[in-house]
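> Next come a sequence and a model predicted from it.
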2 protein chains.
Amino acid sequence: MPGSAPDRGALFAIGGREARSGDAAVLGHFVSLCGGPAARLVVLTTASRDPQKRVREYREAFRSLGVEQLSFFHQDRRGEAEDPALLAAVDRADGVFFAGGGQLKLVTTLGGTALESRLRERHCAGLHLGGTSAGAAAMSAVMIARGQGRSSARLSSVRMSPGLGFLPRVIVDQHFRERDRFGRLLAAVLCNPSMLGFGLDEDTAFLLDPRDRVSVFGSGTLTIIDGSDLEESNVDRLPEDAPVAFAGMRMHVLSEGWSYDLAEGRVQAPATEPVERRPVVEALARPRAQGDQG
Amino acid sequence: MPGSAPDRGALFAIGGREARSGDAAVLGHFVSLCGGPAARLVVLTTASRDPQKRVREYREAFRSLGVEQLSFFHQDRRGEAEDPALLAAVDRADGVFFAGGGQLKLVTTLGGTALESRLRERHCAGLHLGGTSAGAAAMSAVMIARGQGRSSARLSSVRMSPGLGFLPRVIVDQHFRERDRFGRLLAAVLCNPSMLGFGLDEDTAFLLDPRDRVSVFGSGTLTIIDGSDLEESNVDRLPEDAPVAFAGMRMHVLSEGWSYDLAEGRVQAPATEPVERRPVVEALARPRAQGDQG
């Protein structure tokens, strides 16, 4: 469960297709979080079937944001997740970023490896984790492995599997509005109403800070599906392809400047007065890594 | 406002594309409501640009359900809504059914005419009103005149205008899942959170009885969007095409056998035990019409 864990690093989940050139605003918030241009970043292209393309894109994006200390790692086999050079890079990093691709590829390759343990350990001690698309979906304890886009909830439209578990109470879905995934996220939450569904549009991110505050950045919205007041549902008694019926689902839609308290389940709107453009994310203090030379 | 009005007729709204041949189950519920095969029905094809096609379809459908006393009327000009033969048919009818087409055509042709007054008067005295697609949308006091299907709420995706007003607190949208209209109905409710949004899938109907109980029939679902607990929204402060943010929207999705108390805002699920197939709608008692020979 998330909770007060002031040493923990932040999570920064992006709904896919964030701008990687121009001002790359969403990625810029991740860089600011990790300390700005001086940040040491590790990019994992594990989820991708075309890692060279990802390396080119993120090298250009992070360099344009002033980041110089950048390393890329890719794993196709589980053994590659034991690479000492990779583990050492994680030890020195301020942030680790999971590029997109397939979340099953990501989790089947990294789950239970030395890299996964090291990420978890370092995240508890302050390492920030970012990810886009598959890299965001895989952060959940229960992730949506695949499923069809449709606007109504049906069990047949979602396949769930265990994720990396950095975000235990939340199921993250990405490309949310663009691929019409409201129904599959609803179905996932209906299967266990204690989970929150977070649907991220493309070029849109949420930051979960160590005090369990969720803030939204980017051009789209974060849709939150909250089943904690659910009164009725027939999801357990229906054929898989029948539309599910239910009562009392709560829904929030947040755009940039809005935030959500994960512990309290409360939304905070920005001030109603015209507000100044928010400053970029400020770096969250993190304990320096062991053996840190920087 | 709806309320206890035991003499009032029922409303029967269909989300479009209901089966018109075979067992025509959804239309069968409307016929049962009006008294079964002995019912005297008037079908108004006003919304349509191809009334002959509608006449053929509904003649076949209602005859296959055993209805013999069936009359069809069409109006393209407002003057045609003053036709004494039409008004007399309404006086004798147990039910009046609005076929589909365009809701603006329907409302601009009938709004403020003698026919509209007569329908309202007779409905208060027990006449049942049915409608599909445009004929369902036009029942609201505020109707969705047009708009784009998309899953997120934006003001630009909905154009509202005054409907016939048989259903004052509810905005009805149709072809709901099939045309991806969740966002436009959300936007409509966000504009005045005291309104309920009712999104009807195709081949799916709700019956509103005089005691303000809403029951669902057909193969799809009724989505209810309830803004009465809304905590925040920025719909009044945004460019029209920006995605709206909000907090605390409630949502219910009901399928056949589920019901909703419009006065109390409460959903009633069917018993969890495997239930017998529900009987068709029973005729609701209505005072006999003046001059009724039947």
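Here it is on my side, so go on. Numbering: from 1, shown residues only, chains lettered A, B, ... in the order given.
> For chain A, which helix or strand comes out least confident on mean pLDDT?
Least confident helix or strand, chain A: strand A:142-146 with a mean of 86, by mean pLDDT, DSSP states H and E.
> where in chain A is pLDDT low?
Across chain A, the ranges flagged by pLDDT under 70 are A:1-4, A:272-283, A:285-294.
> do that again at 90, thanks
A:1-6, A:21-23, A:144-160, A:168-169, A:179-180, A:183, A:191-192, A:194, A:235-243, A:271-294 (pLDDT under 90).
> Kindly report the residues of it close to chain B.
Residues of chain A found near chain B (Cβ under 8 Å from any Cβ of the partner chain) are A:150-153, A:177, A:180, A:182, A:201, A:220-221, A:229, A:231-232, A:234, A:237, A:242-255, A:258, A:267, A:269, A:272. Where you see a C-beta, it was placed from the backbone N, CA and C, and this is true even at glycine.
> coming back round to it: can you give me the buried ones in the least confident helix or strand of chain A?
Within strand A:142-146, the residues that count as buried by 16 or more other Cβ atoms under 10 Å in any protein chain shown are A:142, A:143, A:144, A:145.
> Please list all residues in contact with the nearest residue to the last one once chain neighbours are set aside.
With sequence-adjacent residues excluded and distances taken as Cβ to Cβ, 6 or more residues apart in numbering or on different chains, residue A:145 is closest to residue A:161, at 4.3 Å. Applying Cβ atoms under 8 Å, 6 or more residues apart in numbering or on different chains, we find residue A:161 in contact with A:104, A:107, A:142, A:143, A:145.
> Buried ones among the residues of chain A next to chain B?
Buried members of the residues of chain A next to chain B, counted by 16+ other Cβ under 10 Å: A:150-153, A:177, A:180, A:182, A:201, A:220-221, A:232, A:234, A:242-255, A:258, A:267, A:269.
> Looking at the buried residues of strand A:142-146, spot the one nearest residue B:131.
Checking these against residue B:131 by Cβ to Cβ gives residue A:144 as the nearest, at 38.4 Å.
> which residues does the closest one contact?
Going by Cβ under 8 Å, 6+ apart, residue A:144 touches A:103, A:137, A:158, A:159, A:160, A:171, A:172, A:173, A:184, A:185, A:188.
> Produce a PyMOL select command limited to the buried residues of these.
A single PyMOL command selects the buried members of the contacts of residue A:144 (16+ other Cβ under 10 Å):
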select buried, chain A and resi 103+137+158+160+171+172+173+184+185+188
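> from the contacts of residue A:144, which is closest to chain B?
Nearest to chain B out of the contacts of residue A:144 is residue A:185 (Cβ to the nearest Cβ; 11.0 Å).
> Count the neighbours of residue A:59 for me.
Residues near residue A:59, counting by other Cβ atoms under 10 Å in any protein chain shown, number 15.
> let me fix that: residue A:227
Residue A:227 is flanked by 21 other residues according to other Cβ under 10 Å.
> which non-adjacent residue is nearest it?
residue A:193 (3.0 Å).
> Same check on residue A:234?
Spatial nearest neighbour of residue A:234, chain neighbours left out: residue A:245 (5.2 Å); criterion: Cβ to Cβ, 6+ apart.
> buried residues in stretch A:44-54?
A:44, A:45, A:46, A:47, A:48, A:51, A:54.
> re the thing from before, from the buried ones among the residues of chain A next to chain B, which ones fall inside strands?
Judged by DSSP state E, strands contain the following of those: A:232, A:246, A:247, A:248, A:249, A:250, A:251, A:252, A:253, A:254, A:267.
> so which two of those are the farthest from each other?
Applying Cβ to Cβ across those, the maximum distance is between A:232 and A:254, 26.5 Å.
> so who does residue A:99 touch?
By Cβ under 8 Å, 6+ apart, the neighbours of residue A:99 are A:43, A:44, A:45, A:46, A:47, A:48, A:51, A:54, A:58, A:131, A:132, A:135.
> Restricted to helices, list those residues.
With helices defined by DSSP state H, the entries of the contacts of residue A:99 inside them are A:51, A:54, A:58, A:135.
> Do I have it right that the second one meets residue A:44?
No. The criterion here is Cβ atoms under 8 Å, and residue A:54 misses it with residue A:44 at 9.5 Å.
> Residue A:284 contacts residue A:33, correct?
Yes. Taking Cβ under 8 Å as the definition, residue A:284 is a contact partner of residue A:33 at 6.2 Å.
> Out of those two, name the residue with the larger neighbour count.
residue A:33 (25 against 20).
> Distance check, the more buried one against residue A:258.
18 Å (Cβ to Cβ, to the nearest Å).
> Let me see the contact set for the residue of the stretch 1-150 of chain A found nearest chain B.
At 7.5 Å from chain B, residue A:150 is the closest residue in the stretch 1-150 of chain A, using Cβ to the nearest Cβ. Under the criterion of Cβ under 8 Å, 6+ apart, the neighbours of residue A:150 are A:157, A:180, A:183, A:184, B:177.
> one more time with 7 Å
A:157, A:180, A:183 (Cβ atoms under 7 Å, 6 or more residues apart in numbering or on different chains).
> count of neighbours near residue A:174?
Residue A:174: 28 neighbours (other Cβ under 10 Å).
> Leaving out sequence neighbours, find the closest residue to it.
residue A:15 (4.3 Å).
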